[in-house]
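J.: From the sequence below, what's the structure:
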Amino acid sequence: MPVLADDITLDPDSPIPPYEQVRLRIAALAAGGALAAGTKLPPVRQLATDLGLAANTVARAYKELEQAGLVETRGRAGTVVTARATGTSLRAQTAAVAYAQTTRSLGIPTETALALVKAALEAG
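T.: Residues are numbered from 1 along each chain as shown. Coordinates of the predicted model:
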């Protein structure tokens, strides 16, 4: 298992919450090939301790990664990177971060920002 904590740097001054920084970094590592499909991620508590975060912060990052289909939790077997995660474009991840930062700076609520993206994607 790679030492994931060494690959995650948190910016305490960032407007992006810590769970989102963790989520984005794991997604980027998978998209870039540093975390191959089937790679087991560290347990939530271990990664939280390694990063100096609350366990709930890392748990939320893992939960959102799972909801996006980028990781899969297999109970006691742990959380692993899915094949879908490794196919995610790093460019798309970067664009998503830029969009999140822009909408936050404009004071747009999360729900509205997501609705804007959904409408744009469905418009084709």
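J.: What pLDDT does the model give the closest residue to L53 other than its chain neighbours?
T.: Counting by C-beta to C-beta, 6 or more residues apart in numbering, L53 lies nearest to P18, which is 5.8 Å off, once chain neighbours are set aside. Any C-beta I mention is one placed from the backbone N, CA and C, and that applies to glycine too. We have a pLDDT of 97 for P18.
J.: how far away is P18 from A92?
T.: Remark: distance between P18 and A92 (C-beta to C-beta, to the nearest Å) = 22 Å.
J.: Between the two, point out the one with more neighbours.
T.: Shown here are P18 and A92; by other C-beta atoms under 10 Å, P18 has more neighbours (20 against 11).
J.: Might one say that that one is in contact with A48?
T.: No: in this structure, P18 is not within contact of A48 by C-beta atoms under 8 Å, at 10.1 Å.
J.: Can you work out which residues contact both of the two?
T.: Residues touching both P18 and A48 (C-beta atoms under 8 Å, 6 or more residues apart in numbering): T57.
J.: picking up where we left off before, quick check: phi and psi on the residue nearest to L53?
T.: Per-residue torsions, P18: phi -60, psi -40 (degrees, to the nearest 10).
J.: can you tell me how far it sits from T57?
T.: P18 is 5 Å from T57, by C-beta to C-beta.
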